[in-house]
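Novice: Pasting a predicted model and its sequence here:
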Amino acid sequence: MAAFNFEEYFQSKFSERLFQDPDASENHMTAATRLLEKKREMLELEQALSAQKEAFQMKMASLNSRREELDKKELSLRGSLMKFNQFLIETDIKKQRAEKKANNERQEKEQKVEEAEAKMAEREKLTSFLEKQRKVSEREKVYRSYMERVIEKSGEFQELKDILRKHDTLSSNLGDMIEKSTVMTDRLDSMKQEYYTMITKNDEATMRYTNIIADLTWRKETAMSNHQKWESLWTHIQNTAARNVLLLGRVKMATENIYVQIYKQRGIPAKEAESVDDQLIKIKTYIKDLTDIIVESSKQEKQSKEVFDRLAMPGK
């Protein structure tokens with residue numbers, strides 16, 4: 001049911017009579033007419049007051065219930081926000097740890113790359129040295145005959161086998177160097193494989209942490225949006241409650257004016273009522289008295305008319 005517009009009713013029916021002397025507007029009306037008019041107005045007023053009071057009580061009950069629900073939701077939201085803030089702090093700590101770990105892994109990777117490059121440079125030097133030694137050995141074979149003649153003239157080597165033994169020693173050293181070079185090459189390949197594996201894992205971890213950060217950012221924005229929505233709703237409820245309080249004040253003021261007018265018409269000073277309900281009871285009692293007066297007046301008027309009719313027609 002639509003709420004009765006109490007303010008418009010008072011403005012159209014009672015604004016002039018509440019704030020002016022009622023005797024000035026009722027001098028030209030008969031007692032019966034005034035009683036009928038008062039009866040009609042008081043009935044309308046009673047219906048309007050009853051409807052407005054019921055609607056106001058229903059609205060206040062609804063507002064109180066809604067306010068309790070909002071208080072509970074606000075407490076729940078505050079708890080959720082505290083948990084979410086704690087979650088963000090823990091996430092920041094985990095993120096810092098992950099970044100620190102990634103930096104350490106990147107530094108270790110760079111260090112291993114530098115070591116691998118140093119090993120490769122050393123290998124190239126050894127390979128170049130071995131190649132030179134091989135070329136020297138080839139040149140020495142060419143001069144075998146020359147060495148034999150040298151042995152004959154030299155006192156350092158007694159036989160050619162001494163030179164060959166020396167050559168075998170150098171060849172053995174060359175084999176050892178080649179073996180070491182092969183080992184270093186395998187180690188270098190292993191280090192390269194570890195390097196590529198480390199880069200792949202680092203990229204996967206970076207992508208995973210990026211997705212986690214994006215998800216947390218979305219959750220934070222959603223929580224902030226919900227907080228703004230509930231805050232706006234709470235502001236709207238406060239404004240609505242303020243308007244209802246203002247309307248209640250106007251109702252109380254109009255009731256007070258009617259209460260004073262009743263006592264003014266009776267010619268006695270108005271008594272101070274304890275509450276608006278007491279004033280409404282007094283107004284209702286006054287309306288009932290007026291109704292009884294109107295009924296009694298109607299009966300007397302009817303009886304007078306019957307008597308007058310009988311007197312006017314004596315033949316009958």
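Specialist: Nice, thanks for sending it over. What you see is a predicted model; the values in this text were computed from it and never measured. Residues are numbered from 1 along each chain as shown.
Novice: use CA for all of it now, contacts and neighbours both
Specialist: OK.
Novice: Which helix or which strand is home to Glu90?
Specialist: Per DSSP states H and E: Glu90 is located in helix 31-142.
Novice: Could I get the average pLDDT for that helix?
Specialist: Regarding helix 31-142, the rounded mean pLDDT is 84.
Novice: so what secondary structure elements neighbour it?
Specialist: helix 6-13, helix 160-266, helix 276-312 (3 or more CA pairs under 8 Å, 6 or more residues apart in numbering; DSSP states H and E).
Novice: closest to Glu41 out of the ones you listed?
Specialist: helix 6-13 (8.2 Å; CA to CA).
Novice: Could you look up the SS state of Pro269?
Specialist: Secondary structure, DSSP: H, G, I helix; E, B strand; the rest coil: Pro269 is coil.
Novice: ok, Gln96 to Arg149 distance?
Specialist: 77 Å (CA to CA, to the nearest Å).
Novice: go on, Leu70?
Specialist: Counting by CA to CA, the gap from Leu70 to Arg149 is 114 Å.
Novice: I figured Lys282 hits Val260, correct?
Specialist: No - using CA atoms under 8 Å, Lys282 is not in contact with Val260; the gap is 10.6 Å.
Novice: out of those two, which sits in the more crowded spot?
Specialist: The neighbour count for Lys282 versus Val260, taken as other CA atoms under 10 Å, is higher for Val260 (20 against 17).
Novice: what pLDDT does that one get?
Specialist: For Val260, the pLDDT comes out at 80.
Novice: same thing with Asn239?
Specialist: At Asn239, the pLDDT recorded in the model is 82.
Novice: could you list every residue that touches Asp278?
Specialist: For Asp278, no residue meets the contact criterion (CA atoms under 8 Å, 6 or more residues apart in numbering).
Novice: Distance-wise, check it relative to Glu99.
Specialist: Asp278 sits 74 Å away from Glu99, going by CA to CA.
Novice: about what we covered before: now the helix holding Glu90 against helix 160-266, angle please.
Specialist: Here helix 31-142 runs at an angle of 180 degrees relative to helix 160-266 (axes from the mean of the first three to the mean of the last three CA atoms, to 10 degrees).
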